[in-house]
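Q: what would the 3D arrangement of this be:
(one chain, ligands or ions: 1)
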Amino acid sequence: MRQVIAGNWKMNGKFSDIEPFAEAVKNADLAPELVICPPFPLIQSFAAALPRDKGAIGGQDCHASPAGAHTGDVAAALLAEAGATYVILGHSERREDHGETNAEVAAKVLAALQAGLVPIVCVGETGMERDAGEAEHVVHTQLTHSLPERFIGLIAYEPVWAIGTGRTPSEADVTAMHAHIRAVLTEKFPASGAKTPILYGGSVKPGNAAALLALPEVGGALVGGASLNAADFLAIAASAPRG
Ligand code: PEP
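A: Below is the predicted model:
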């Protein structure tokens with residue numbers, strides 16, 4: 001299956017970054033599906049600058065309600081109208097900064113699906129949880145409670161301690177966790193769980209991407225810091241296996 005390389009720009013980027021970034025992506029001929037998730041105000045211009053067959057645009061969050069008195073939030077349908085086709089949900093920075101619970105993430109996933117967006121749902125353990133031997137249990141709980149009864153989308157396994165730190169789990173640990181996630185998905189979603197792409201995220205760089213993307217059950221990457229630089233983002237995408 002085609003891998004997905006998604007870039008999470010977080011609270012970075014300016015309007016002036018769009019054109020050079022989109023040009024670089026347009027000129028690349030790469031196997032994976034590319035997704036760029038810039039801050040909300042850039043979505044519409046980015047979607048206009050990037051032909052859909054070259055890359056997709058995603059939001060970094062959405063509200064669970066279709067509209068209403070939710071200052072500072074954004075509705076899934078508005079993201080879609082602006083040109084987004086994906087949305088990252090349950091990122092550890094949102095779970096941490098905004099106290100998002102698994103139940104709230106599940107409600108957002110439902111809203112995203114109703115708006116026709118493809119959710120990328122993030123799960124992952126903290127360093128303390130891994131050290132305590134609880135990583136699989138934590139991820140199991142997140143998957144069980146952050147996904148609605150019917151789920152079509154992607155999962156991103158992002159160990160919190162690997163995000164923005166330059167540290168990555170061993171290949172054996174990534175393989176074991178992705179196998180665990182696959183088992184949970186196939187049990188929870190017998191019809192679709194075997195095919196749900198599972199991305200790895202956490203300090204993916206051009207230098208380690210090929211090894212990570214070649215691991216079993218790794219269906220792509222969610223890239224933070226390295227996605228801000230088009231050359232690095234495209235080098236990561238070029239490391240994805242063809243097929
Ligand atoms: C992220 O925040 O989703 C992420 C993977 O960040 P980084 O690549 O910078 O570790």
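
Q: CA atoms for contacts and neighbours, from now on please.
A: Will do.

Q: give me the pLDDT for Met1.
A: Met1 carries a pLDDT score of 87 in this model.

Q: again with Asp29
A: 88.

Q: for Arg242, same thing?
A: 82.

Q: kindly report the same for Cys122.
A: Predicted confidence (pLDDT) for Cys122: 98.

Q: dump the residue contacts of it.
A: Taking Cα atoms under 8 Å, 6 or more residues apart in numbering as the definition of contact, the neighbours of Cys122 are Ile88, Leu89, Gly90, His91, Ser92, Ile155, Ala156, Tyr157, Glu158.

Q: got the phi and psi for it?
A: Backbone geometry at Cys122, expressed as degrees, to the nearest 10, gives phi -90, psi 140.

Q: same deal with the one 5 residues further on?
A: The phi/psi pair for Gly127 (degrees, to the nearest 10) reads phi -60, psi -40.

Q: how many other residues sit next to it?
A: Counted by other Cα atoms under 10 Å, the residues lying close to Gly127 total 15.

Q: what is the burial count for Asp131?
A: Tallying neighbours of Asp131 according to other Cα under 10 Å, which is how burial is gauged here, yields 10.

Q: for it, phi and psi?
A: phi -60, psi -30.

Q: try Ile57
A: Here is the backbone geometry of Ile57 (degrees, to the nearest 10): phi -110, psi 140.

Q: pLDDT of the strand or helix carrying Val109, averaged?
A: Assigned by DSSP states H and E, Val109 falls within helix 102-114. Per-residue confidence for helix 102-114 averages out to 98 on the pLDDT scale.

Q: just checking, Ala156 touches Ile120?
A: Yes: here Ala156 reaches Ile120: they are 6.4 Å apart, a contact under Cα atoms under 8 Å.

Q: next, Pro119: secondary structure please.
A: Here Pro119 is strand, with the state taken from DSSP: H, G, I helix; E, B strand; the rest coil.

Q: list the contacts of it.
A: Pro119 makes contact with Tyr86, Val87, Ile88, Leu89, Val109, Ala112, Leu113, Ile152, Gly153, Leu154, according to Cα under 8 Å, 6+ apart.

Q: got it, and Pro159?
A: For Pro159, the residues meeting the contact criterion (Cα under 8 Å, 6+ apart) are Val123, Gly124, Glu125, Thr126, Gly127, Gly201, Gly202.

Q: circling back: kindly indicate which of the contacts of Cys122 lies nearest Val184.
A: Ile155 (11.6 Å; Cα to Cα).
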